[in-house]
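Asks: Sequence isn't available, so here's the structure alone:
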């Protein structure tokens, strides 16, 4: 296959120059295919991220409480992920990644073409998220298996940079389509489905990895701090994912093209922040990176909660949108939790099962948090939701200080 210009050169530079050219090319081929799959999937992710909340609001007219309840089935695959991995571990990580993209393609196509009612939409939404959640812990696991300890952060940052660059294409499609071309939700979801299918086809080109049947399920005391970080991250993250865009939609009345523009800005910033975060992980360590994230999140929570009380409406919209952009631009810090597990693991085969367990614990909390958040919003206003999120971020900071590698 023909590699993208410049990508192979960058990848070669990260490998030991003492290795033969042939071995380096074989290793680079696998990582390059992973990057290409992430690029194509990134286009689909950009489309979905831009339109999904407006899709729920414009088509189904959900209240704040109903929006919170939708998160229960949406996040159910994440809760069950450790058991899904145990049942499908015989496939090996690369084949399972390809299967996850097929699930995502089917779910996205169903949302676009086979959702005549709210119930059908929920079914396809669950299938879509089954695919994306399976893929979530596989990427860092596969990426680190194709890297060396001293450049885990840099390699994952490289993957994420290309993936984020691709989301820009997705955001542009939504911005042009909904802003100028009268694009429908069905057409947008269908285009994303095609991208996920292409990602699956690319992943099937990767060399199958032999499954480790002894590591189908991992839950060990030594990973307890990672589990705690996953739980707290799930609570904080889900408040932002669910209610940050909902504030912009419900309180300030922003529509789909605005979120496409925000997505473009986020993707452009995130390409840089992921490179910075990757280097910071390698040079400063996971504790410094995760602690800095927690401090920033406390500040962002205050911005979400009190901008409307402090500033005029126009300024408040800009500040809240800025919080939304910054919040989404630092998601790269998730890499630090993955590299932390890889560094403390006695056996590399424990990494992906442990990451999947972390995702399940994350989602055990994130499934319920939006329901309580919706009730709090309805009873006391949206500000209290983000005040609670700031307390969660403080807990995250305290846990981050305990990291040692």
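Replies: Here it is on my side, so go on. Remember, predicted model here, so these are calculated numbers, not experimental data.

Asks: CA only for contacts and neighbour counts going forward, please
Replies: Fine.

Asks: how about the strands of the stretch 301-405 of the chain, start to end?
Replies: Along the stretch 301-405 of the chain, no segments are classed as strands by DSSP state E, counting those that start in this stretch.

Asks: which residues touch the helix or strand containing residue 231?
Replies: Taking DSSP states H and E as the criterion, residue 231 maps to helix 224-246. For helix 224-246, contacts defined as CA atoms under 8 Å, 6 or more residues apart in numbering pick out 53, 67-68, 71, 304, 324, 327, 337, 340-341, 357-359, 361-366, 369-370, 373, 385-386, 389, 392-393, 395-396, 399-400, 402-403.

Asks: Restricted to helices, list those residues.
Replies: Using DSSP state H, the members of those that fall in helices are 53, 67-68, 71, 304, 324, 327, 337, 340-341, 357-359, 361-366, 369-370, 373, 385-386, 389, 392-393, 395-396, 399-400.

Asks: picking up where we left off before, now the buried members of the contacts of helix 224-246.
Replies: Neighbour counting over those (16 or more other CA atoms under 10 Å) leaves 53, 67-68, 71, 304, 324, 327, 337, 340-341, 357-359, 361-366, 369-370, 373, 385-386, 389, 392-393, 395-396, 399-400, 403 as the buried ones.

Asks: Run the chain-centre distance for the helix holding residue 231.
Replies: Distance of helix 224-246 from its chain centroid, counting by CA atoms, centre = their mean, to the nearest Å, is 12 Å.

Asks: do the same with stretch 28-43
Replies: Its chain's C-alpha centre and that of stretch 28-43 lie 16 Å apart, by CA atoms, centre = their mean.

Asks: Check stretch 79-87 too.
Replies: For stretch 79-87, the separation from the chain centroid amounts to 18 Å (computed by CA atoms, centre = their mean).

Asks: Please apply the same query to stretch 163-183.
Replies: How far stretch 163-183 lies from its chain's middle: 19 Å, per CA atoms, centre = their mean.

Asks: Can you name the residues in contact with it?
Replies: Under the contact criterion CA under 8 Å, 6+ apart, stretch 163-183 has outside partners 35, 38-47, 50-51, 184, 188, 256-258, 260-261, 263-264, 267-268, 270-271.

Asks: Tell me which of those fall in helices.
Replies: In this view, the contacts of stretch 163-183 that belong to helices under DSSP H are 35, 38-47, 50-51, 188, 256-258, 260-261, 263-264, 267-268, 270-271.

Asks: Could you give me the PyMOL syntax to select whichever of the residues you listed are buried?
Replies: With 16+ other CA under 10 Å as the burial test, the buried ones among those are selected in PyMOL as follows:
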select buried, resi 35+38+39+40+41+42+43+44+45+46+47+50+51+188+256+257+258+260+261+263+264+267+268+270+271
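
Asks: Residue 43 versus the closest residue to residue 383 other than its chain neighbours, what's the distance?
Replies: Take residue 383 and drop its neighbours on the chain: the residue closest to it by CA to CA, 6 or more residues apart in numbering is residue 305, 4.3 Å away. From residue 305 over to residue 43 the distance is 31 Å, taken as CA to CA, to the nearest Å.

Asks: Residue 263 now?
Replies: In terms of CA to CA, residue 263 sits 11 Å off from residue 43.

Asks: And the closest residue to residue 79 other than its chain neighbours, how far from residue 310?
Replies: Spatial nearest neighbour of residue 79, excluding adjacent residues (CA to CA, 6+ apart): residue 360 at 4.1 Å. Distance, residue 360 to residue 310, using CA to CA: 38 Å.

Asks: more neighbours, these two?
Replies: More neighbours surround residue 360 than the other of residue 360 and residue 310, with 26 against 11 (other CA atoms under 10 Å).

Asks: so who does that one touch?
Replies: When contacts are counted by CA under 8 Å, 6+ apart, residue 360 is found next to 78, 79, 80, 81, 82.

Asks: Determine the number of other residues adjacent to the first one.
Replies: Meaning residue 78. The tally of other residues near residue 78 (other CA under 10 Å) stands at 30.

Asks: got the contact list for it?
Replies: 129, 130, 133, 134, 359, 360, 362, 363, 364.

Asks: Would you confirm that the fifth one contacts residue 81?
Replies: Pointing back at residue 359 there. Yes: the pair residue 359 and residue 81 qualifies as a contact (CA atoms under 8 Å) at a distance of 6.9 Å.

Asks: can you give me how far stretch 60-74 is from the chain middle?
Replies: Chain-centre distance of stretch 60-74: 20 Å, with CA atoms, centre = their mean.
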